[in-house]
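> need coordinates for the following:
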Amino acid sequence: MATLSVIAATTFVMPAAAQDVQLQIGPDGIRPVVRDRDRDYDRMRDRGCSPGEARAAARDEGLRRPEVVRVTSRSVTVEGMTRRGPDRITFANRRGCPII
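Residues are numbered from 1 along each chain as shown. Just a heads-up that it's a prediction; the model follows:
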């Protein structure tokens, strides 16, 4: 009975190891591509301030109906309304969206 449970456990574990391999169809034909999840995570971690993150940060700062009006390699500008009227906040285009 114990050997049957060990065999059943190994059959469920083995397909999970092949999830990082993809088949890509292109002009060169079909070829396997092995994804490196650590490299993908590093690339996502190093990205800058996305428009959605900038809108959320602007809401946290008190802007109502925030709208991203300009995105450059160095900054993300968001406009919205405050109690006093229209206002603008500029965030640095890096992780965490710090206010400039």
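> so E67 touches E79, yeah?
Yes. Using Cβ atoms under 8 Å, E67 is in contact with E79, at 5.6 Å. Yep, even glycine has a C-beta here, placed from its N, CA and C like the rest.
> more crowded one of these two?
Set E67 next to E79 and count neighbours by other Cβ atoms under 10 Å: E79 wins out with 16 against 13.
> report the separation between the more buried one and C97.
Going from E79 to C97 by Cβ to Cβ, to the nearest Å gives 15 Å.
> what are the ranges of the strands in this protein?
Secondary structure of the chain (DSSP state E): strands at 21-26, 29-34, 64-71, 75-82, 85-92.
> helices or strands up against the last one?
The reference is to strand 85-92. Other elements packing on strand 85-92 under the criterion 3 or more Cβ pairs under 8 Å, 6 or more residues apart in numbering; DSSP states H and E are helix 51-60, strand 75-82.
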